[in-house]
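Enquirer: This is the structure alone, sequence omitted:
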């Protein structure tokens with residue numbers, strides 16, 4: 001501990017005092033060259049010259065300030081994870097406390113969602129436009145033996161052309177048996193527009209892989225909860241799977257571009273648009289020994305298997321093309337008509353023939369849809385309405401309407417309504433495995449989802465309301481009668497489920513002190529326990545911030561309190577990399593405190609955090625991320641985010 005604190009202090013002091021290196025006085029120049037003038041102009045470029053643009057053309061700017069929001073986003077996912085409960089090791093999965101974080105898409109997806117929290121989708125990729133080369137470096141220590149990094153470089157070769165290269169990587173051994181995490185996310189982006197904006201293109205390539213040791217959780221929770229000194233070394237706790245692991249790999253090429261038919265931009269414009277997306281995915285579950293030695297005897301945790309040394313593999317690819325025509329009127333907005341083509345292949349290398357059924361080796365399909373979209377952006381109003389319907393024999397529809405009104409910079413009101421007829425994810429309709437219980441072929445009905453969201457961001461508080469009605473919901477559950485077996489299979493709930501949530505956030509400030517609060521209330525109406533969420537989730541942060549060393553250093557320190565009420569949380573199954581419904585073990589009802597000290601020196605932000613420090617003196621260990629999967633112990637972690645602008 002002393003060595004760690006000494007290293008932190010040396011790093012801290014090095015950053016503080018290395019910001020003003022001694023420089024020799026340059027000789028006066030009689031005249032400045034054009035290159036010198038260009039360099040000086042670049043050095044004076046405002047922060048608004050460093051733009052971050054989403055696929056929907058929403059623009060933000062590079063922000064090097066230090067706020068409480070930066071503390072919330074300083075994690076492996078690089079975003080606020082309120083409503084997500086991380087597993088004990090970084091780079092593993094997350095249990096979902098806030099069902100409102102769920103995104104609804106009408107198209108069938110690959111599945112294996114437990115491995116996609118860190119998988120960067122198309123909407124997660126950002127594009128850049130920078131006055132000078134931009135570099136961002138992220139570093140954070142991990143649980144045990146490793147590090148987490150994220151590095152990005154963005155360059156504009158001209159005002160019209162930009163490219164960026166980024167890589168996010170992690171390696172963490174973890175504190176329990178068989179918890180190794182090793183993952184990497186590489187992305188390359190480029191964007192270009194002609195001087196008149198007649199042609200615009202955004203494109204990216206993403207290559208991602210995630211490997212995890214899957215121990216299946218601890219077999220003796222009573223040892224973990226006992227506070228016995230012998231089990232403070234978490235490697236002594238027995239786990240279900242000492243040699244299982246999963247591997248997810250994906251590659252994607254994406255292109256989105258538009259061409260204006262009329263030469264000059266006017267009050268009426270006509271565009272041709274095209275979007276292309278080709279993506280491949282591969283998932284593997286590997287377990288050297290089918291039998292597990294747990295609780296003093298050998299047994300198959302996932303039921304009977306056809307052979308030893310299993311290595312389940314599934315592959316997936318999809319091709320998506322969307323062609324549209326857009327009419328833009330300065331007064332009325334944008335009207336778009338489009339057709340799209342969605343093709344996929346989801347396949348294994350075998351076919352299973354049983355006396356009563358045949359499980360095929362693949363499913364594939366081609367879906368063609370037609371639709372329209374209206375977009376309005378003028379003054380304080382912003383609205384968008386999308387409707388699409390399949391032309392082929394699949395029943396697929398999507399109605400998505402959004403509107404917002406900006407009263408001023410501090411007050412915005414937004415509304416969204418979405419109605420979806422969603423095709424099932426592929427993992428529900430087809431799965432093969434060496435474990436005989438995990439072999440199935442189904443033809444489930446579409447899920448029908450109606451969703452309403454209202455959000456108000458005001459100078460006094462932020463509040464959001466969500467109401468969802470779900471019919472024919474697909475889910476996974478355990479068919480075994482004992483907790484020492486996981487015989488998971490997909491099912492469809494034939495009744496309606498209503499979900500309601502209300503979230504409010506408010507920050508109070510008094511002098512240099514601040515109190516930031518986020519509280520979520522959720523309620524589910526259902527005849528059976530299918531969609532399970534905690535009633536209350538809260539995060540409250542009390543912090544102090546001020547300048548030091550003649551305002552060369554900005555310091556922020558405080559305590560974060562996290563809590564959610566007890567509920568039957570979904571359990572995790574590593575064979576499917578999915579969560580399943582259970583009603584045998586509750587988790588929650590346990591406070592979790594973090595202490596942090598953050599600092600900013602120029603464009604460098606330093607983060608030091610004592611996570612879950614109250615676990616060190618609690619009478620019992622009762623904190624879990626999922627049944628039999630403990631939450632994190634007390635640990636001190638540190639790191640930084642550093643931006644360079646030339």
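Expert: Noted; the coordinates are in hand. Computed from a prediction, not measured in an experiment: that's the story for all the values here.

Enquirer: give me the number of residues near residue 371?
Expert: Around residue 371 there are 19 other residues, counting by other Cβ atoms under 10 Å. Where you see a C-beta, it was placed from the backbone N, CA and C, and this is true even at glycine.

Enquirer: Cross-check the contact I'm expecting between it and residue 386.
Expert: Yes. Counting by Cβ atoms under 8 Å, residue 371 does reach residue 386; the two are 6.8 Å apart.

Enquirer: In three-state terms, label residue 159 for me.
Expert: Here residue 159 is recorded as coil under DSSP: H, G, I helix; E, B strand; the rest coil.

Enquirer: ok, it to residue 200 distance?
Expert: From residue 159 across to residue 200, the span is 13 Å (Cβ to Cβ, to the nearest Å).

Enquirer: neighbour count winner among the two?
Expert: residue 200 (18 against 10).

Enquirer: Look up how far residue 462 lies from that one.
Expert: Following Cβ to Cβ, the distance that separates residue 200 from residue 462 is 33 Å.

Enquirer: Residue 263 now?
Expert: Separation of residue 263 from residue 462 (Cβ to Cβ) stands at 44 Å.

Enquirer: Summarise which helices and strands whichever strand or helix holds residue 605 is packed against.
Expert: Using DSSP states H and E, residue 605 sits in strand 604-611. Contact analysis of strand 604-611 by 3 or more Cβ pairs under 8 Å, 6 or more residues apart in numbering; DSSP states H and E lists helix 2-17, strand 592-601, strand 635-644 as its packing neighbours.

Enquirer: List the buried residues of stretch 548-566.
Expert: In terms of neighbour count (16 or more other Cβ atoms under 10 Å), stretch 548-566 has its buried residues at 553-556, 558, 560, 562-564.

Enquirer: From those residues, which land in strands?
Expert: 553-556, 558, 560, 562-564 (DSSP state E).

Enquirer: Pull the most distant pair out of those residues.
Expert: Of all pairs drawn from those, the one with the longest distance (Cβ to Cβ) is 553 and 564, at 35.4 Å.

Enquirer: Just list the residues touching residue 253, thanks.
Expert: 203-205, 276-279 (Cβ atoms under 8 Å, 6 or more residues apart in numbering).

Enquirer: Could you pick out the buried ones from these?
Expert: For the contacts of residue 253, a burial check counting by 16+ other Cβ under 10 Å picks out 203-204, 277, 279.

Enquirer: Identify the contacts common to residue 371 and residue 386.
Expert: Contacts common to residue 371 and residue 386, judged by Cβ under 8 Å, 6+ apart, are residue 398.

Enquirer: Name the helix or strand for the closest residue to residue 471 other than its chain neighbours, please.
Expert: Of all residues not flanking residue 471 in the chain, residue 448 sits nearest, at 4.2 Å (Cβ to Cβ, 6 or more residues apart in numbering). In this structure, residue 448 sits in strand 447-457 according to DSSP H and E.

Enquirer: So what touches that strand?
Expert: With Cβ under 8 Å, 6+ apart as the test, strand 447-457 has contacts from 100, 104, 410-422, 424, 462-474.

Enquirer: That one pairs with which strands?
Expert: Strand 447-457 has the following sheet partners, assigned by DSSP bridges: strand 411-422 (antiparallel), strand 462-478 (antiparallel).

Enquirer: got the buried residues for it?
Expert: 447-451, 453, 455-457.

Enquirer: got JSON lines for those, with pLDDT and distance to residue 300 too?
Expert: Listed next are those as JSON lines, based on pLDDT from 0 to 100; distance: Cβ to Cβ, whole Å:
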{"residue": "447", "pLDDT": "96", "distance to residue 300": "32"}
{"residue": "448", "pLDDT": "96", "distance to residue 300": "38"}
{"residue": "449", "pLDDT": "97", "distance to residue 300": "37"}
{"residue": "450", "pLDDT": "96", "distance to residue 300": "42"}
{"residue": "451", "pLDDT": "96", "distance to residue 300": "40"}
{"residue": "453", "pLDDT": "97", "distance to residue 300": "44"}
{"residue": "455", "pLDDT": "97", "distance to residue 300": "48"}
{"residue": "456", "pLDDT": "97", "distance to residue 300": "53"}
{"residue": "457", "pLDDT": "95", "distance to residue 300": "52"}
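
Enquirer: picking that back up, go through the helices and strands packed on strand 604-611 and find the least confident stretch.
Expert: The stretch with the lowest mean pLDDT among the helices and strands packed on strand 604-611 is helix 2-17, at a mean of 40.

Enquirer: Neighbour count: residue 263 and residue 462, which is higher?
Expert: Between residue 263 and residue 462, residue 462 has the larger neighbour count (other Cβ under 10 Å), namely 16 against 8.

Enquirer: so where does the closest residue to the more buried one other than its chain neighbours fall, helix or strand?
Expert: Closest residue in space to residue 462, ignoring its immediate chain neighbours: residue 505 at 4.4 Å, by Cβ to Cβ, 6+ apart. Using DSSP H and E, residue 505 sits in strand 488-510.

Enquirer: Could you do residue 282 as well?
Expert: Element membership of residue 282 [criterion: DSSP H and E] is strand 268-287.

Enquirer: Show me which positions of that strand end up buried.
Expert: Neighbour-count burial for strand 268-287 [16+ other Cβ under 10 Å]: 269, 271, 273, 275, 277, 279, 281-283, 285-287.

Enquirer: Parallel or antiparallel, list what pairs with it.
Expert: With DSSP bridges as the test, strand 268-287 is paired with strand 244-260 (antiparallel), strand 310-329 (antiparallel).

Enquirer: Can you tell me which of those strands is packed in deepest?
Expert: For those, the largest average neighbour count (mean count of other Cβ atoms under 10 Å) is found in strand 244-260, namely a mean of 19.

Enquirer: So for that one, mean pLDDT?
Expert: For strand 244-260, the per-residue pLDDT averages 97.

Enquirer: list the buried ones in stretch 401-418?
Expert: For stretch 401-418, burial by neighbour count (16+ other Cβ under 10 Å) applies to 402, 404, 412, 414-416, 418.

Enquirer: And the furthest pair within these?
Expert: Farthest-apart pair in those is 412 and 418; separation 19.4 Å (Cβ to Cβ).

Enquirer: and the gap between the residue positioned nearest the centre of the chain and residue 91?
Expert: By Cα atoms, centre = their mean, the chain has its centre lying nearest to residue 117, at 4.4 Å. Separation of residue 117 from residue 91 (Cβ to Cβ) stands at 9 Å.

Enquirer: before we move on, what about residue 399?
Expert: Applying Cβ to Cβ, the value for residue 399 to residue 91 is 37 Å.

Enquirer: Would you mind telling me which of these two has more residues around it?
Expert: The residue with more neighbours, out of residue 399 and residue 91, is residue 91; 27 against 17, by other Cβ under 10 Å.
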